[in-house]
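S.K.: A predicted structure for the sequence below; I have some questions about it.
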Amino acid sequence: MKRVFLASVIVAMLLVSSIAMASQNAPESIAGITIGNNISSVHSLLDMDSVASPWQEEYIKRIAVRDMEGYRGGYVVVGNCKRKDIILRMKMKYADGSMDFFNKIYSKIEKRFGKPNDWRGNPFGTLKVWKWSLNDEYGNISLILQHFSGDDDSINDGNSIRLSRPSWIAEERECWDKINDEQEEKPIPAKMQGLQWFLPY
């Protein structure tokens, strides 16, 4: 009985230590850009003339990343309220857009962080998206690897990787909404009746 109990304790300790190791290994950086750092730490890598808040997302700012060796641009997202100018998310586009390169990067990430938690590709095989949700001492890190080879202009072709801390982005929105709690303007009335107002003509 004592041996069974001891074995159970050892297994539990190994499980806890492996979880702790995985937490410590959750990624925070890509190409020298680190989540949680101020944008001043990578000022030379950014195109500061591109700073803008996405539509209806004034609580964050998006800044383009200059081309670097092995990368063909990308962007960082920084806070505009609670964590002003702190990097919350990044997307980097690889210069190599081939499927072979995508598979190599996927294999390396899987070896380092384990199997992904989510698949978000399409049934046509033109969009392949793997997502990892990894925890560290500050919360959740989202890691997304993507390949696209279709004709949709709204999706960047080639290979890209995204890293973000979703809880911090949510906190930015909450902070902004509290400070900017304004009365909504009354919408302009429809010029046409029924579904006609929602259809192109």
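M.R.: Okay, I see it.
S.K.: Beyond the helix or strand of the chain with the lowest mean pLDDT, next helix or strand please.
M.R.: Within the chain, confidence by mean pLDDT, DSSP states H and E is lowest for helix 2-24 among all helices and strands, at a mean of 45. Note on helix 2-24: by DSSP states H and E, the next helix or strand toward the C-terminus is strand 29-30.
S.K.: Quick one: list the elements packing against the following helix or strand past that following strand.
M.R.: Later in the chain than strand 29-30, the nearest helix or strand by DSSP H and E is strand 33-34. Contact here means 3 or more C-beta pairs under 8 Å, 6 or more residues apart in numbering; DSSP states H and E; on that basis strand 33-34 packs against strand 87-94. In short, each C-beta sits where N, CA and C put it, glycine included.
S.K.: for the chain, what are the low-confidence residue spans?
M.R.: 1-24, 154, 182-184 (pLDDT under 70).
S.K.: Which neighbouring elements make contact with the strand or helix carrying D100?
M.R.: Following DSSP H and E, one finds D100 within helix 99-113. Packing partners of helix 99-113 (3+ C-beta pairs under 8 Å, 6+ apart): strand 127-136, strand 139-148, strand 158-164.
S.K.: Out of the ones you listed, which is closest to E57?
M.R.: With C-beta to C-beta as the measure, strand 158-164 is the member of those nearest E57 (13.5 Å).
S.K.: Find the nearest non-adjacent residue to S29, please.
M.R.: Once flanking residues are discounted, S29 sits nearest to I35: 7.3 Å by C-beta to C-beta, 6 or more residues apart in numbering.
S.K.: which of the residues in the helix holding D100 are buried?
M.R.: F102, I105, Y106, I109, F113 (16 or more other C-beta atoms under 10 Å).
S.K.: now that helix against strand 139-148, angle please.
M.R.: Put simply, helix 99-113 runs at 160 degrees to strand 139-148, going by axes from the mean of the first three to the mean of the last three C-alpha atoms, to 10 degrees.
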